[in-house]
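> Compute the structure for the input listed below.
(one chain, ligands or ions: 1)
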Amino acid sequence: MISEDILYDCIIVDNGPAGLTAGPYCARVKMNTLLLEKGTIKGQIAIIDLVENYPGFPGGISGKESSLRFKELAERFGLKIYRKKDTQTGELSTLEVEDISTYIDLEPATGFLKGFVKMDDKGYIITNERMGTSVEGVFACGSCRSGSTGQAAVAVGKGCIAALEAEKYLQENF
Ligand SMILES: Cc1cc2nc3c(=O)[nH]c(=O)nc-3n(C[C@H](O)[C@H](O)[C@H](O)COP(=O)(O)OP(=O)(O)OC[C@H]3O[C@@H](n4cnc5c(N)ncnc54)[C@H](O)[C@@H]3O)c2cc1C
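The predicted structure follows:
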C-alpha cells in the first residue's frame, strides 16, 4: 500500500514486462520503489496466446503464464504494487492515472506527460541510450519509448537499463 507521506526513491508506471523487470532490480538494491499498475492485466503480454522469440522458452510461453512469472519475480523482491492509504481514515484506494499502454497500430496514451518529457510526433517518449528522458531523473523504457521495436525481450532489456540508471542517478545526486 502507499500513503501520501512516504517519499519513494523510484516510482514505476507500468506493470508490463518493462516495469516488472525494472521493479525487482530497484527493490533488490533496497531502493524504496513503488510500481503503479492499472487493472489486473499485466501488460500486452498477458493477452497474447503464445509469446514467441522469448529467450529461455524454445517452444514459446503463454502470455498469461509469462505475466504471472514476471509478477512472481517482482513479489519475491518485495516490490510494492499500487494501493494507496489515506493517512486520516486509513482507507485503501487505487491511484487515478491515465493509461500509457501502447497497443499495435494505436498511439501511446502518454498524453498526461505532454509538455513534461520530450516525445516524438506520435507521442512516444524520446530517450537516450541509457533510457534517460529530457527530464533528469525520469527514465522511460518499453513500448511507450520512441523507436521501440515492440518485443517483450527488448522491453525487458530496456527495463533493466532504466532501473540501473535510476539507481546510479540516486547515488550520484542524493
Ligand atoms: C497481439 C500482440 C502479440 C505480441 N506478440 C509478441 C511476441 O510473440 N513476442 C514478443 O516478444 N512480444 C510480443 N508482443 C509485444 C510485447 O507484448 C510488448 O513488447 C511488451 O508487452 C511491452 O511491455 P511494456 O512493459 O513496455 O508495456 P505493456 O505491455 O504495454 O504494458 C503496459 C502496462 O502498464 C499499464 N498502465 C498503463 N498506463 C498506466 C498508468 N498510468 N498507471 C499504471 N499502469 C499503467 C497497462 O495497463 C499495462 O498493463 C506482442 C504484442 C501484442 C499486442
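
> so what's Thr133 up against?
Thr133 makes contacts with Val117, Lys118, Ile125, Ile126, Thr127, Phe139, Ala140, as judged by Cβ atoms under 8 Å, 6 or more residues apart in numbering. For the C-beta atoms, the positions are set from N, CA and C on the backbone; glycine is no exception.

> Try it again at 10 Å.
Neighbouring residues of Thr133 by Cβ atoms under 10 Å, 6 or more residues apart in numbering: 113, 116-119, 125-127, 139-140, 145-146, 162.

> which strand residues sit across from the residue lying closest to it once chain neighbours are set aside in the sheet?
Spatial nearest neighbour of Thr133, excluding adjacent residues (Cβ to Cβ, 6 or more residues apart in numbering): Val117 at 4.3 Å. Beta-bridge pairing of Val117 under DSSP bridges involves Lys114.

> Val117 touches Val138, doesn't it?
Yes - look at Val117 against Val138 with Cβ atoms under 10 Å: they come within range, at 6.1 Å.

> Could you confirm whether stretch 112-129 reaches the ligand?
No - shown here: stretch 112-129 not in contact with the ligand (Cβ under 6 Å from any ligand atom), separated by at least 7.3 Å.
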